[in-house]
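S.K.: Here is my input, please return the structure:
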Amino acid sequence: MTRLSVNINKFATLRNARGGNFPDVIKAAIDCECFGAQGITVHPRPDERHIRYSDVLQLQNVVKTEFNIEGNPIDSWIEIVKQVKPAQATLVPDANDVVTSNQGWDTIHHKDFLKEIIADLKTAGIRVSVFVDPIPEMIEGARNAGADRIELYTGPFAEKFPHDRENAIKDYIPAAKLAHEIGLGINAGHDLNLHNLKYFSQQIPHLDEVSIGHAIISDAIYLGLENTIQMYLRQLKP
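M.R.: As a prediction, this is how the structure comes out:
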């Protein structure tokens, strides 16, 4: 069964909007795990507009499932990842001015850069995933750079899904098959939700993990956090 990792950034966004410590991000991670989440994801950015580096340090002693730290591998990010040693680090090519991740790596152009970082993190005992678009050359590039997994950027799938789901998924199926054939694990994330998740997970072979944050937290406003996580888990059942 595909694992569900809950991205808790939005809890931190809400907390930071008012200051103080409500909602409590650390408690949110504990609760998500208690409600069935099989992993916790955070994406600290340099401006700390949501998850802060101090949150990451506290979470290392709290998360009992798989801890996934994603982000742009600048020096400060690499430093905290190596200090915390999560189960997984996901490399994302975020520009400083983006609201959210909006593209995968060019793993060919950035091969040497990625190869050095991946080797460094793997030496520290951390599984490394690389955020990519569903393009065969980029997937092969991730493997050639030494990645353990890829995370398929599902933003374009989610955008097309309401209008033409077959067209929306068509690039992702061969991409996943290729990744599996060349020895890469397969994660996916971005704009997956209760409407498109079941179809995506049923169509994509060998899907190890999905990382979902914004949709889960938004649904939880209406449905409650425990119920929402259980609903997402049901979408992932074969």
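
S.K.: From I74, how far off is the nearest residue to D31 once chain neighbours are set aside?
M.R.: Of all residues not flanking D31 in the chain, L225 sits nearest, at 6.5 Å (CB to CB, 6 or more residues apart in numbering). (C-beta placed from N, C-alpha, C; glycine too.) If you measure L225 against I74 using CB to CB, to the nearest Å, the figure is 32 Å.

S.K.: got the contact list for the residue nearest the centre of the chain?
M.R.: Nearest residue to the geometric centre of the chain (CA atoms, centre = their mean): S211, 4.2 Å. The neighbourhood of S211, defined by CB atoms under 8 Å, 6 or more residues apart in numbering, consists of 5-7, 39, 41, 68, 70, 90, 151, 187-189.

S.K.: ok, F35 touching E226?
M.R.: Yes - counting by CB atoms under 8 Å, E226 is a contact partner of F35 at 4.2 Å.

S.K.: more neighbours, these two?
M.R.: More neighbours surround F35 than the other of F35 and E226, with 17 against 14 (other CB atoms under 10 Å).

S.K.: Export the top helix by length along the chain to PDB, keeping only CA atoms.
M.R.: With secondary structure taken from DSSP state H, the chain has its longest helix at helix 111-123. Coordinates of each C-alpha in helix 111-123 appear next as PDB, following Å, rounded to 0.1, in the frame of the first residue of the first chain:
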ATOM      1  CA  LYS A 111      23.900  16.500 -12.600                       C
ATOM      2  CA  ASP A 112      27.300  17.400 -10.900                       C
ATOM      3  CA  PHE A 113      25.600  19.600  -8.300                       C
ATOM      4  CA  LEU A 114      23.000  17.000  -7.400                       C
ATOM      5  CA  LYS A 115      25.500  14.100  -7.500                       C
ATOM      6  CA  GLU A 116      27.700  15.800  -4.900                       C
ATOM      7  CA  ILE A 117      24.800  16.600  -2.600                       C
ATOM      8  CA  ILE A 118      23.200  13.200  -2.900                       C
ATOM      9  CA  ALA A 119      26.500  11.400  -2.100                       C
ATOM     10  CA  ASP A 120      27.000  13.600   1.000                       C
ATOM     11  CA  LEU A 121      23.500  12.900   2.300                       C
ATOM     12  CA  LYS A 122      23.600   9.200   1.600                       C
ATOM     13  CA  THR A 123      26.900   9.000   3.500                       C
END
